[in-house]
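>>> I'd like to go over a predicted model; first the sequence, then the structure.
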Amino acid sequence: MSDIPSFAYRLLWEERELLSVANLTRQDGIDFLRLAPAIGIVTRITRYGLLQANEALADLRAGRFAGAAVLVPSLGRAE
C-alpha cells in the first residue's frame, strides 16, 4: 500500500478564518466612526441572509461585489 500524498488541509474544505478587531475601546470606535466620513472613508456592503452564507462565499470568490459581505438573520436572498 502506498502513502497518501500530503496537501494543504485548507484546500480540502476551503475554510475561512474570522478575525476580531476587538482590541480597541468603545470610545476608539465612536471616535473613528465620527471621523470616517470626514476623511473620505466609504463603506460598501452586500447583505445576505444567514441561510445564503454559501452563496455569499461563492460571490466573494467570484468577485461579484465590492466591499464586504454581511450575513443577517432575516433576509432570504442577497440584496
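That came through, no problem.
>>> Poorly predicted segments of the protein, please.
Along the chain, segments meeting pLDDT under 70 span 1, 7, 9-22, 75-79.
>>> can you pull out the strands in it?
Remark: strands assigned in the chain by DSSP state E are 45-49, 68-72.
>>> want to try JSON lines for those strands, with distance to Asp28 as columns?
Where C-beta positions appear, they are placed from N, C-alpha and C, glycine not excepted. Below are the strands of the chain laid out as JSON lines (distance: least, CB to CB, whole Å):
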{"stretch": "strand 45-49", "distance to Asp28": "21"}
{"stretch": "strand 68-72", "distance to Asp28": "20"}
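>>> quick one: which of those strands is nearest Leu57?
Within the strands of the chain, the stretch nearest Leu57 is strand 68-72; the backing value is 7.8 Å (CB to CB).
>>> Who are the packing partners of the closest one?
Helices and strands touching strand 68-72, by 3 or more CB pairs under 8 Å, 6 or more residues apart in numbering; DSSP states H and E, are strand 45-49, helix 53-62.
>>> before we move on, back to that, just say which of the strands of the chain is most tucked in.
strand 45-49 (a mean of 17; mean count of other CB atoms under 10 Å).
>>> what about it, distance to the chain center?
Relative to its chain's centre, strand 45-49 lies at 10 Å (CA atoms, centre = their mean, to the nearest Å).
>>> closest to Thr25 out of the helices and strands packed on strand 68-72?
Per CB to CB, nearest to Thr25 of the helices and strands packed on strand 68-72: strand 45-49, 24.1 Å.
>>> thinking again about what came up before, would you turn the helices and strands packed on strand 68-72 into a markdown table with distance to Leu35?
What follows is the helices and strands packed on strand 68-72, written out as a markdown table (distance: least, CB to CB, whole Å):
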| stretch | distance to Leu35 |
| --- | --- |
| strand 45-49 | 19 |
| helix 53-62 | 28 |
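>>> Tell me which of those sits nearest to Asp3.
The nearest among the helices and strands packed on strand 68-72, by CB to CB, is helix 53-62 at 31.2 Å.
>>> Next, the angle from that closest one to strand 68-72.
180 degrees (axes from the mean of the first three to the mean of the last three CA atoms, to 10 degrees).
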